[in-house]
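J.: Prediction below, plus the sequence it came from.
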Amino acid sequence: MATKTKTKTTETEVNVTDFINSFVDNEQKKQDSFRLIELMKKWSGFEPKMWGPTMIGFGSYHYKYASGHEGDAMLIGFSPRKAEFSLYVSAPGNDNKQLLDKLGKYKMGKACIYFKKLADIDLGILEKLSKATIRYINEHHECACRE
């Protein structure tokens, strides 16, 4: 029988604004962070929460894999890392590929999208990616995003 393993990245009680003001040392990155918070809050309908020491997430869902591993994760989110932003929005599917082609200047990692500044990406496309991610999670996981 599979056991539930402890997920490393969990929601914390750290204040999001305090985190940005203390962690982000670049004024443009601070402004971009607060703008992303405003947008992702609007798109998701959830307040921002810290996940782990450096990730800002909106909403949450419960996942369980066939292996038995399960846990909770943010619906969508980002991290204002030192070198670049990490975006946590990515729903599998053909539409996602077409949207990514139009997103702008970014690099794709295994589980996230990296970009330097908000001006490098199309916010309309980011909104579509974010909403597609929430829809996908809603259809495939136990999610607080269900209406």
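T.: Sure thing, it's come through.
J.: all contacts plus neighbour counts: C-alpha atoms, from now on.
T.: OK.
J.: OK, contacts around the residue nearest to Ser90 when sequence neighbours are not counted?
T.: Excluding the flanking residues, the one nearest Ser90 by Cα to Cα, 6 or more residues apart in numbering is Thr133, at 5.6 Å. Residues counted as contacts of Thr133 (Cα atoms under 8 Å, 6 or more residues apart in numbering) are Leu75, Ile76, Val89, Ser90, Ala91.
J.: Is Thr133 within a helix or a strand, and which one?
T.: Assessed by DSSP states H and E, Thr133 sits inside helix 123-140.
J.: can you give me how far that helix is from the chain middle?
T.: The chain centre lies 10 Å from the centre of helix 123-140; the measure is Cα atoms, centre = their mean, to the nearest Å.
J.: ditto for stretch 45-65
T.: Centroid separation between stretch 45-65 and its chain, computed with Cα atoms, centre = their mean, is 7 Å.
J.: hmm, who's touching that stretch?
T.: 8-16, 19, 37, 40-41, 44, 70-81, 137, 141-145.
J.: Alright, that wraps it up for me.
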